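Q: Following is a predicted model, sequence given first.
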Amino acid sequence: MKVLTVPQIRVAEENAVLNGIFSYSEMMKNAGTAAARVITEKYSVVGKRAAVVCGVGNNGGDGFVIANELSRRGCFVTVITPLGLPRTVTAKEYFEFLPSVSVTDELSGEYDFIIDALFGIGLDRTVSSKAADAVDWMNMSGGTKIAIDVPSGITADGNVAGRAFCADITVTFIAIKSCLLVPPASDYTGQIVVKKIDVPVNDYEYLTIEQPTFKQRPKNSHKGSFGTALLIAGSYGMCGAEILSARAAQKSGVGIVKAVVVDKNYTAFTSCLPEAVTIPVKSDVEGGLALDTEHIKTLYNGADAVLIGCGMGQSFSAKQTVINALKAADLPVVLDADGINAVCFDINILRRTKAPVIITPHPAEMARLTGATVRDIQSKRIEYAHNFSLANGVITVLKGANTIVASPDGRVFINTTGNAGMATAGSGDVLSGIIVSFLAQGMDPLSAAKAGVYLHGVSGDRAATNLGMASMTASDIIAELSLG
């Protein structure tokens, strides 16, 4: 799905009108009717009470259309205009044709639905005290909360203009807006529903990650048909990270998982993963891996992709092992966790690596890579991922709500699966295991990264449905993995 910036949305609207597809009035009618249809298809509105809180601009006009449509469907609608009567020509048109619904400027009453049509896209100022009062009232009210186009108080760059409406669902038009997919705005959107309303879209900035498709396995197959994933991971005290990655790789369809395991973890690892091939090695004095380049080259023989870093620790030997592994790499690499930490002091190592590399940092790791703060990263997630991939020739998977996948060729993809329950220890190890599995099975690196991120999120969503977000663990995500 195409992801547009606010200026691109405005250009699309202007072009639709200039090309005679429809007028601004017809566009408003289409948007409001589409939003009302979403509401009535998701919820029973007959005999229910709805407050449509409308601003003075065209977003308020959308609200008037919605009020009309809901009233026609048996809902008791109150239109609230806390900022005054509409000021745009198109909004005035639909205000004048409101049915016999109650219209007031008072923020009061109890409702089954609170519909936010206060501000539209492109808010670029701190909301006034009156608007802040309206947003506060909507947020404190009971009932299902529905934002029209964007939650009021969200700016074009995804920030909060003092206050923001906290929606259960956001119905947005034409295409999904990039401002809805980045923090802090993404905390306010709830479920996002896109209604295209027949406005053509030419220019777009990003794409969402779509559900991957997997080829049917031929009958005449064996374990070697589906690749070998090598794991250089783990250390004493952090065996779980490697176990989770290996289990996720197995569940994602790879034929063979071959894991380098420090001797102190051997019993624990093999008891959890009897299907894996284990390569026990002596640990260093800190319990980490210590592998020279020649040993690593031997390990690469017969492998189709390698995961480096999960739970390796930050001992000198572990860091040197990461460097040696990258220098010797002649197969696709997933670099995660302590693998990322090991290259932070010299990211030129990534540029010098001959093999394709996928890095999977969380915001703190991304901050270390770039010299920025976590706050900087979170405020400009897309830009940091995009710029890092361009500068260093790697695929960047910047984890977090709406994980970003950035390609060295400049393309950026935004994930829309997953939930807050996935913010749990080991979740990132699971993601890395999925991605290396897809690489080993022959997917190109960008496809593997996108498919891994999408499937990881979907599996987390299934786990949340079955267990609740607070009760989820990384193992529960693995349990829900399915390529069917």
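A: Arrived safely.
Q: quick one: residue 214 and residue 483 touch, right?
A: Yes: in terms of C-beta atoms under 8 Å, residue 214 counts as a neighbour of residue 483; the distance is 4.9 Å. Where C-beta positions appear, they are placed from N, C-alpha and C, glycine not excepted.
Q: So for the two, which residues contact both of them?
A: residue 253 (C-beta atoms under 8 Å, 6 or more residues apart in numbering).
Q: Helices along the stretch 151-300 of the chain, start to end?
A: For the stretch 151-300 of the chain, the helices defined by DSSP state H, counting those that start in this stretch cover 239-251, 266-272, 293-300.
Q: most tightly surrounded among these?
A: For the helices of the stretch 151-300 of the chain, the largest average neighbour count (mean count of other C-beta atoms under 10 Å) is found in helix 239-251, namely a mean of 27.
Q: and for that helix, what are the contacting residues?
A: If you take C-beta under 8 Å, 6+ apart as the criterion, helix 239-251 is touched by 229, 231, 233-234, 257, 259, 261, 265, 268-269, 272-273, 275-276, 307, 310-311, 337, 426, 429-434, 436-437, 440, 474-475, 477-478, 481.
Q: Quick one: mean pLDDT for that helix?
A: Average pLDDT, helix 239-251: 98.
Q: Columns distance to residue 154 on top of the helices of the stretch 151-300 of the chain, output as a markdown table?
A: Formatted as a markdown table, these follow (distance: least, C-beta to C-beta, whole Å):
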| stretch | distance to residue 154 |
| --- | --- |
| helix 239-251 | 35 |
| helix 266-272 | 44 |
| helix 293-300 | 48 |
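Q: Out of those helices, flag the one nearest residue 287.
A: helix 239-251 (9.9 Å; C-beta to C-beta).
Q: CA atoms only for that closest one, dumped as PDB, please.
A: Taking Å, rounded to 0.1, in the frame of the first residue of the first chain, the C-alpha atoms of helix 239-251 are listed here in PDB:
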ATOM      1  CA  CYS A 239      21.800 -19.100  25.900                       C
ATOM      2  CA  GLY A 240      18.100 -18.200  25.600                       C
ATOM      3  CA  ALA A 241      18.800 -15.700  22.800                       C
ATOM      4  CA  GLU A 242      20.300 -18.300  20.600                       C
ATOM      5  CA  ILE A 243      17.600 -20.800  21.500                       C
ATOM      6  CA  LEU A 244      14.900 -18.400  20.500                       C
ATOM      7  CA  SER A 245      16.600 -17.500  17.200                       C
ATOM      8  CA  ALA A 246      17.100 -21.100  16.300                       C
ATOM      9  CA  ARG A 247      13.600 -22.200  17.200                       C
ATOM     10  CA  ALA A 248      12.200 -19.300  15.100                       C
ATOM     11  CA  ALA A 249      14.400 -20.200  12.200                       C
ATOM     12  CA  GLN A 250      13.200 -23.800  12.300                       C
ATOM     13  CA  LYS A 251       9.600 -22.800  12.600                       C
END
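Q: Out of the helices of the stretch 151-300 of the chain, which is closest to residue 461?
A: For those, proximity to residue 461 was assessed by C-beta to C-beta; helix 239-251 is nearest, at 16.0 Å.
Q: Would you list the phi and psi of the closest residue to residue 369 other than its chain neighbours?
A: Among residues not flanking residue 369 along the chain, residue 344 sits closest, at 5.7 Å (C-beta to C-beta, 6 or more residues apart in numbering). Per-residue torsions, residue 344: phi -60, psi -30 (degrees, to the nearest 10).
Q: Now do the contacts for residue 344.
A: Taking C-beta under 8 Å, 6+ apart, we find residue 344 in contact with 365, 368, 369.
Q: The host helix or strand of the last one: which residues count as buried?
A: It refers to residue 369. According to DSSP states H and E, residue 369 maps onto helix 363-370. Applying a neighbour-count criterion of 16 or more other C-beta atoms under 10 Å, one finds 363, 365, 366, 367, 368, 369, 370 buried in helix 363-370.
Q: Kindly report the same for stretch 446-461.
A: Buried, per 16+ other C-beta under 10 Å, within stretch 446-461: 446, 448-461.
Q: which residues touch that stretch?
A: 209-212, 252, 332, 358, 395, 397, 403, 405, 407, 411, 413, 415-419, 421-422, 427, 430-431, 434-435, 437-439, 443, 472, 477-478, 480-483.
Q: among those residues, which ones are buried?
A: Buried positions within these, assessed by neighbour count (16+ other C-beta under 10 Å), are 209, 212, 252, 332, 358, 395, 397, 403, 405, 407, 413, 415-418, 421-422, 427, 430-431, 434-435, 437-439, 443, 472, 477-478, 480-481.
Q: Number of residues surrounding residue 74?
A: By other C-beta atoms under 10 Å, 12 other residues sit near residue 74.
Q: can you pull the contacts of it?
A: Contacts of residue 74 by C-beta under 8 Å, 6+ apart are 45, 46, 47.
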